[in-house]
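1. how would this look folded up:
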Amino acid sequence: MSSIDFNSREKKYLTITLNDDKKTTIMILSPSKKVMNKLVEIKDLIDDESNDISEDEQINILYETCSVVMSRNKGGINIGKDLLEEIFDIDDVQFFLSKYMEFVGSRIKGKN
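-> Residues are numbered from 1 along each chain as shown. Predicted structure coming up:
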C-alpha cells in the first residue's frame, strides 16, 4: 500500500527578518485556505468604497492580517498585532502584504 507523509514534504517559504530588537527571522508558509480567505476578505473590504469602515479600522485590519499571515511560520512563532504596531509603520505593512501576495502568486502559478 502506498502512503503520503505530509511531514516530509518539501515546502517553500518566504523568509523575512523583522526590525525588532532581536532581528527575528521567520519562514512564512504559503497560506492555508483560512488565511487565503482572510486575505481576499480584507482586499474586498478595503476596495469596497461603499463600506462604512473608518480608515483607522482599515489600518487595524491590515495589522491584524499581517499578524495572522506572519504567525503561520515554520517555527510556530506567534507574531502579535501589538508587536507589529510597534515595529512596522503603515508603509511596512503595505510592503509586506504586497511581497507576500507576490510570493503566493508565484506558488499558485507553480514558479520556483
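2. low-scoring pLDDT stretches of this protein, where are they?
-> Filtered on pLDDT under 70, the chain yields the residue ranges 110-112.
3. Try it again at 50.
-> 111-112 (pLDDT under 50).
4. what residue lies at the spatial centre of it?
-> residue 69 (2.7 Å; CA atoms, centre = their mean).
5. was I right about that residue contacting residue 28?
-> Yes: counting by CB atoms under 8 Å, residue 69 does reach residue 28; the two are 6.6 Å apart. Any C-beta I mention is one placed from the backbone N, CA and C, and that applies to glycine too.
6. Identify the contacts common to the two.
-> Counting by CB atoms under 8 Å, 6 or more residues apart in numbering, the shared contacts of residue 69 and residue 28 are residue 100.
7. picking that back up, now do the SS call for the residue nearest to the centre of the chain.
-> Put simply, residue 69 is helix when judged by DSSP: H, G, I helix; E, B strand; the rest coil.
8. ok, it to residue 52 distance?
-> Distance check for residue 69 against residue 52: by CB to CB, to the nearest Å, it reads 25 Å.
9. in this structure, which spans are strands?
-> 14-17, 25-28 (DSSP state E).
10. will you turn these into TSV that also has mean neighbour count and distance to residue 1?
-> Output for the strands of the chain, formatted as TSV (neighbours: other CB atoms under 10 Å; distance: least, CB to CB, whole Å):
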stretch	mean neighbour count	distance to residue 1
strand 14-17	14	36
strand 25-28	16	33
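11. residues touching the residue nearest to the centre of the chain, list them.
-> Residue 69 neighbours (CB under 8 Å, 6+ apart): 28, 31, 35, 39, 97, 100.
12. Okay, and which of these map to helices?
-> Here DSSP state H is the test, and these give 35, 39, 97, 100 as lying in helices.
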